[in-house]
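K.L.:
Give me a model of this one.
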Amino acid sequence: MNIATEKAVALVEAHQYITRFRGKVVVVKVGGSIQEDRAKMRALMADIAFMSAVGMRPVVVHGGGKSITAAMDKAGLQARFIQGRRYTDARTLEIAERILVHEVNRELVEDLTDAGARAIGLHSLGSCVLFAERMYLQGQGGEKIDLGLVGTVTEVNTILLSALCEDGFIPVIAPVAIARQSGESPADHDKVSKLNVNADTAAGHVAAALKAEKLVVCSDTHGIRTDPKNPNSYASTLTRRDIDAMIASGVIGEGMLPKVEACLVAMAGGVPKTHIIDGRVPHSLLLEIYTDAGVGTQITWD
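P.N.:
Residues are numbered from 1 along each chain as shown. Reported below is the predicted structural model:
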């Protein structure tokens, strides 16, 4: 089979998926070391722009952990993590918000625009779509573990997100949320504070709230290993039952746990299928969505 024929076969294979997912919302979470490689990030944003061009409605949620850690080091602050989540005090939150909004979010919007898409940044210094309450972890003895100014998402402004998607925009969401008591309206921003939200967790809640067709977590891992010590044990497909067993046995540990939990949150909210892929692999996002084989780990109900 020559190169031209191979391309034609790939287009025919992609066509069925393009038709199936036209008009469907797909939430893409971007994080990991891929964010430190501008060329790879621009390529990933170009693929997301392609998804929009063929009729899908992508929504981007991004992290920025390594850039935040670097900025903290520069400021003389040491990053502290508890069960894979960053402890956040007032100074850390200030740095995180600055990096996420003024650097990461802005760059992603520019990359999408350069790729021909219409993109809009949604964040805590403008139009914020995430609302949260303080989050506490549970210790081995059942005690509450304080994470500081860290939140768990309680509400997503789906009206704004849906309107933007319908109008052909790609929303790009930074994971700093408005903290407010239940019953307050989104207009009450001046009465409340802000909370840092784990980007994986935020993506899971956004996907659930939008009833997305898929959540795809793009990071710097090929997927989920069935044996943490074996680099060749990545699973192509796992069920919810498989995931529960792997968490209980400790196979899925702290580094992967927030990503997996985000997938489970999305699925509990009605998302049929979730994916964890390596965003450093060229066109991995398109290969996972538009081909039969895929390139990462997909999580299904059964």
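K.L.:
Residues contacting the longest strand anywhere in the chain, please?
P.N.:
The longest strand of the chain (DSSP state E) is strand 144-156. With Cβ atoms under 8 Å, 6 or more residues apart in numbering as the test, strand 144-156 has contacts from 82-83, 85-90, 92-93, 129-139, 177, 179, 182, 193-198, 201-202, 205-206, 209-210. Heads up, the C-betas are built off the backbone N, CA and C, glycines and all.
K.L.:
hmm, try it at 6 Å
P.N.:
Residues outside strand 144-156 that contact it (Cβ atoms under 6 Å, 6 or more residues apart in numbering): 85, 87-89, 93, 129-133, 135-137, 139, 177, 179, 195-197, 202, 205-206, 209.
K.L.:
can you give me phi and psi for Met41?
P.N.:
phi -70, psi -40 (degrees, to the nearest 10).
K.L.:
The contacts of strand 144-156, buried ones only, as a ChimeraX selection?
P.N.:
Here is the ChimeraX command that selects only those of the contacts of strand 144-156 that count as buried (16 or more other Cβ atoms under 10 Å):
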select :85,87,88,93,129,130,131,132,135,177,179,195,196,197,202,205,206,209
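K.L.:
Next step: the contacts of strand 144-156 restricted to strands.
P.N.:
Per DSSP E, the contacts of strand 144-156 map to strands at Arg85, Leu130, Phe131, Ala132, Glu133, Met135, Tyr136, Leu137, Ala177, Ala179, Leu195, Asn196.
K.L.:
what are the ranges of the strands in this structure?
P.N.:
Using DSSP E, strands in the chain cover 25-30, 57-62, 81-82, 85-86, 118-122, 130-138, 144-156, 169-173, 176-179, 194-196, 214-219, 237-239, 273-278, 297-300.
K.L.:
List every C-alpha atom in stretch 156-172, with coordinates, as PDB.
P.N.:
Provided in PDB are the C-alpha atoms of stretch 156-172 (Å, rounded to 0.1, in the frame of the first residue of the first chain):
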ATOM      1  CA  VAL A 156     -20.200  24.800  36.500                       C
ATOM      2  CA  ASN A 157     -21.700  27.600  34.400                       C
ATOM      3  CA  THR A 158     -22.900  25.300  31.600                       C
ATOM      4  CA  ILE A 159     -25.200  28.000  30.200                       C
ATOM      5  CA  LEU A 160     -22.200  30.100  29.200                       C
ATOM      6  CA  LEU A 161     -20.100  27.100  28.100                       C
ATOM      7  CA  SER A 162     -22.900  25.700  25.900                       C
ATOM      8  CA  ALA A 163     -23.600  29.100  24.400                       C
ATOM      9  CA  LEU A 164     -20.000  29.500  23.400                       C
ATOM     10  CA  CYS A 165     -19.700  26.000  22.000                       C
ATOM     11  CA  GLU A 166     -22.900  26.600  20.000                       C
ATOM     12  CA  ASP A 167     -21.500  29.800  18.600                       C
ATOM     13  CA  GLY A 168     -18.300  28.000  17.400                       C
ATOM     14  CA  PHE A 169     -15.900  29.100  20.200                       C
ATOM     15  CA  ILE A 170     -13.500  26.800  22.000                       C
ATOM     16  CA  PRO A 171     -13.700  27.700  25.700                       C
ATOM     17  CA  VAL A 172     -10.300  27.500  27.500                       C
END
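K.L.:
next one: it to chain centre, how far?
P.N.:
Taking the mean of its C-alpha atoms, stretch 156-172 sits 16 Å from the chain's own mean (Cα atoms, centre = their mean, to the nearest Å).
K.L.:
any idea how far Asp73 lies from Gly65?
P.N.:
Going from Asp73 to Gly65 by Cβ to Cβ, to the nearest Å gives 13 Å.
K.L.:
just to revisit the earlier point, looking at the ones in strands among the contacts of strand 144-156, spot the one nearest Val295.
P.N.:
Arg85 (27.5 Å; Cβ to Cβ).
K.L.:
check contacts around the closest one.
P.N.:
Going by Cβ under 6 Å, 6+ apart, Arg85 touches Leu147, Asn198.
K.L.:
Tell me the spacing between it and Ile178.
P.N.:
As judged by Cβ to Cβ, Arg85 and Ile178 stand 19 Å apart.
K.L.:
any low-confidence regions in the stretch 51-200 of the chain?
P.N.:
181-192 (pLDDT under 70).
K.L.:
what's Ala212 sitting at in phi/psi?
P.N.:
Residue torsions, per degrees, to the nearest 10, at Ala212 are phi -70, psi 160.
K.L.:
Quick one: residues contacting Ala49.
P.N.:
Per Cβ under 6 Å, 6+ apart, neighbours of Ala49: Leu112, Ala115, Gly116, Ala117.
K.L.:
same check, this time on Gly121
P.N.:
Neighbours of Gly121 in contact, by Cβ under 6 Å, 6+ apart: Asn105, Val109, Val172.
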